[in-house]
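**Student:** Below are the sequence and a predicted model; questions follow.
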Amino acid sequence: MPQEKPRQARIVMHDPRLNDPAQEIVRTGDLAAGELESVLEVLEAMRRWREAERETSEASQRYMKLGASDMRALRMLIAAGNQDVPITPSTMAGHLGISAASTTKLLDRLERGGHIVRLAHPDDRRSLVIQVTEHTRHAARATVGREHARRFDAIAALSSEHRRVVADFFDAMTATAQRDAV
C-alpha cells in the first residue's frame with residue numbers, strides 16, 4: 001500500500017489580519033468586512049497572476065535553454081527587429097543594465113546557442129549590430145508571442161473605462177515599488 005504524502009499547510013502571505021494583527025504596517029480597521037474581503041480577493045488574484053507569470057517565464061527559459069537576462073535580450077532584439085532599429089552591444093548593455101564585459105559574455109552565449117548573429121553596422125563600419133535568428137524569432141512567437149496575444153485580447157475585451165481603471169491600478173502598484181530608505 002503506497003504511503004500518502006503528508007498534506008502541506010497553505011501559508012497565507014497577504015492577509016494582514018493574520019500577518020499584521022496589531023495593524024503596525026497595514027491599517028485594516030477603516031475597512032468594512034466586505035471591503036477587506038474585496039481587497040484580499042484582488043491581492044489573491046495578483047498572487048495567482050504573478051505565479052502564472054513566473055511559471056510561464058520559467059517554462060520559456062527552459063524551452064529556449066536560456067536565463068532571464070538572455071530572454072530579456074532576445075525580447076529586445078525581436079522588438080527592435082520588428083521596428084527596424086539596429087541594436088549594438090552598448091545599446092544592449094544599457095537596456096539590460098549590465099557591463100560591457102557581461103554583455104559580451106551574454107552575446108557569446110546567445111551566438112553559441114544559435115539565437116543571434118553579429119553583423120556589420122549598416123552606418124558605422126567600426127560597430128556591430130545584433131540580430132535574432134529566424135529560428136529563435138519563430139520559437140519566441142510560438143511561446144511568448146502567443147501569451148502576449150492572449151493578454152492583449154483580455155485587455156481589449158474590457159471597456160475603455162475599465163482599461164483606464166486597470167492602467168491606473170497598475171500605475172499605483174508600480175508606485176508601491178518605491179523603496180523606503182533603510
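**Tutor:** Thanks, I have the structure now.

**Student:** from here on, contacts and neighbour counts on C-alpha atoms
**Tutor:** Noted.

**Student:** domain ranges for this protein?
**Tutor:** Split into domains by automatic domain parsing, the chain comes to 13-63, 65-162.

**Student:** Export those domains to JSON lines and append columns for mean pLDDT and distance to residue 170.
**Tutor:** JSON lines is the format used below for the domains of the chain (pLDDT from 0 to 100; distance: least, Cα to Cα, whole Å):
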{"stretch": "domain 13-63", "mean pLDDT": "86", "distance to residue 170": "11"}
{"stretch": "domain 65-162", "mean pLDDT": "91", "distance to residue 170": "12"}
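
**Student:** and those domains, which is most packed in?
**Tutor:** Most buried of the domains of the chain, by mean neighbour count (mean count of other Cα atoms under 10 Å): domain 65-162, with a mean of 15.

**Student:** Test my guess that residue 87 contacts residue 79.
**Tutor:** No. Look at residue 87 against residue 79 with Cα atoms under 8 Å: they stay out of range, at 10.3 Å.

**Student:** State the next helix or strand along the chain beyond whichever helix in the chain runs longest.
**Tutor:** Counting by DSSP state H, the longest helix found in the chain is helix 33-64. Sequence order places helix 68-82 as the next helix or strand after helix 33-64, per DSSP states H and E.

**Student:** Who are the packing partners of the very next helix or strand once past that next one?
**Tutor:** Once helix 68-82 ends, the next helix or strand along the chain (criterion: DSSP H and E) is helix 89-96. For helix 89-96, the packing partners by 3 or more Cα pairs under 8 Å, 6 or more residues apart in numbering; DSSP states H and E come out as helix 68-82, helix 100-112, strand 128-132.

**Student:** Could you dump these into a markdown table with distance to residue 44 added?
**Tutor:** Below are the helices and strands packed on helix 89-96 laid out as a markdown table (distance: least, Cα to Cα, whole Å):
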| stretch | distance to residue 44 |
| --- | --- |
| helix 68-82 | 25 |
| helix 100-112 | 36 |
| strand 128-132 | 37 |
